[in-house]
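J.: here you go, sequence then predicted model.
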Amino acid sequence: MRARYFAIALFLVFGASFALAQSQGQSQRGSGADTRRSGYQDMGPALQQMQDDDTANPGMLFVQQGSKLWSARVGVAGKACADCHGDAATSMKGVAARYPAIPPGADRPVDLEGRIDLCRTERQQAPAFARDSQDSLALQAFVAAQSRGQPIAPPDDPRLSSWRVQGEEIYRRRQGQLNLSCAICHDENAGKKLAGVTIPQAHPTGYPVYRLEWQGLGSLRRRLRNCLFGIRAELYPVGAPEYVALELYLMERAKGMTMEAPAVRP
């Protein structure tokens, strides 16, 4: 009998929380106020200072490594990224804020990692990086760092529409043994605490990010896989297009927010 009363009480509390979240969301949309928050704003002052100070931000170690890879001549072609793109501070400014995108001659979008690998295999005639390898993350971090302070600007490409629809469907779909969706955590319960940590709104403003939990730099795909594992859902294969579709939706959802890579997170 106690268990029954507890279940009813839990249901009522969840229902009240859901209704409050819905009413607040409708009110905020009606007011026209932009209530989106970066994960940076949900951190304490110490972590914010760590991210802001390039001498303390551990992600900058990867950026330094990436700058060396940018100038290294590799592959059969013996070319460096700099040979084609020149000064990254100029040529790569805003690039990370526009990915995923469909590269020339392709029919499906790739994320920033995929675009770097295309350059390696097609232009440098070198093997693609292993997924989420340190070299790949370092070069991604170096390129993404050139877009710090730039607004997220997803491409206005109609070919991406169906991919974004797929990404939103994944975001809102309940799945896993816990029967949760991304939206339940990051829309309806954002700002609340989970294991002592504030639940963020899940805007991809700082990837690749240095997470204290990982003690290293990681990609958005790694974070998505962590979330799927956390709700006890089946993981997509590492190179699955579903990750790109979900990233496309998340970037559209964060349109206009400021890039801050490489970010620091708990």
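T.: Yep, it's here. Keep in mind it's a predicted model, so treat the numbers as computed, not measured.

J.: number of nearby residues for the residue nearest to residue 57 when sequence neighbours are not counted?
T.: Excluding the flanking residues, the one nearest residue 57 by CB to CB, 6 or more residues apart in numbering is residue 51, at 5.5 Å. (C-beta placed from N, C-alpha, C; glycine too.) Residue 51: 23 surrounding residues under other CB atoms under 10 Å.

J.: ok, residue 51 - contacts?
T.: 40, 43, 57, 206, 260, 263-264 (CB atoms under 8 Å, 6 or more residues apart in numbering).

J.: measure the closest residue to residue 192 other than its chain neighbours to residue 235 for me?
T.: Spatial nearest neighbour of residue 192, excluding adjacent residues (CB to CB, 6+ apart): residue 199 at 5.4 Å. Separation of residue 199 from residue 235 (CB to CB, to the nearest Å) stands at 21 Å.

J.: what about those two, which has more around it?
T.: Shown here are residue 199 and residue 235; by other CB under 10 Å, residue 199 has more neighbours (17 against 11).

J.: pLDDT score for that one?
T.: The score at residue 199 is 95. That number is its pLDDT.

J.: how about residue 16?
T.: With respect to pLDDT, residue 16 scores 42.

J.: just to revisit the earlier point, the residue nearest to residue 192 reaches residue 184, doesn't it?
T.: No: at 10.1 Å, residue 199 and residue 184 do not qualify as touching, with contact defined as CB atoms under 8 Å.

J.: what segments of the stretch 101-250 of the chain are helices?
T.: 112-118, 134-145, 161-172, 182-183, 220-230, 241-253 (DSSP state H, counting those that start in this stretch).

J.: filter the contacts of residue 51 down to just the ones in strands.
T.: Among the contacts of residue 51, DSSP state E puts residue 264 in strands.

J.: and of the contacts of residue 51, the nearest to residue 86?
T.: residue 260 (24.5 Å; CB to CB).

J.: next, that closest one: phi, psi?
T.: Here is the backbone geometry of residue 260 (degrees, to the nearest 10): phi -140, psi 20.

J.: mind pulling the model confidence for the closest residue in space to it that isn't next to it in sequence?
T.: Distances taken as CB to CB, 6+ apart place residue 206 nearest to residue 260, at 4.6 Å, with adjacent residues excluded. Looking at residue 206, its pLDDT stands at 97.

J.: the one 5 residues further on too?
T.: Per-residue pLDDT puts residue 211 at 97.

J.: could you do the one 10 residues further on as well?
T.: For residue 221, the model assigns a pLDDT of 97.

J.: the closest residue to it other than its chain neighbours: what's it in contact with?
T.: Among residues not flanking residue 221 along the chain, residue 243 sits closest, at 4.7 Å (CB to CB, 6+ apart). Residues near residue 243 by CB under 8 Å, 6+ apart: 111, 220-221, 224, 236.

J.: quick one: the residue nearest to residue 76 when sequence neighbours are not counted from residue 208, how far?
T.: Spatially, and ignoring its direct neighbours in sequence, residue 76 is nearest to residue 125 (3.8 Å; CB to CB, 6+ apart). Look at residue 125 and residue 208: by CB to CB, they are 26 Å apart.

J.: compare the two (neighbour count), which wins?
T.: Between residue 125 and residue 208, counting by other CB under 10 Å, residue 208 is the more crowded of the two (33 against 13).

J.: can you count the residues close to residue 194?
T.: Neighbours of residue 194 under the rule other CB under 10 Å: 10.

J.: show me where this structure has strands.
T.: 193-194, 197-198, 209-211, 216-218, 264-265.

J.: hey, what's residue 198 bridged with?
T.: residue 193 (DSSP bridges).

J.: in the protein, where is pLDDT below threshold?
T.: Low-confidence segments of the chain (pLDDT under 70): 1-31.

J.: about what we covered before: so which of the helices of the stretch 101-250 of the chain gets nearest residue 152?
T.: Residue 152 lies closest to helix 241-253 among these, at 5.9 Å (CB to CB).
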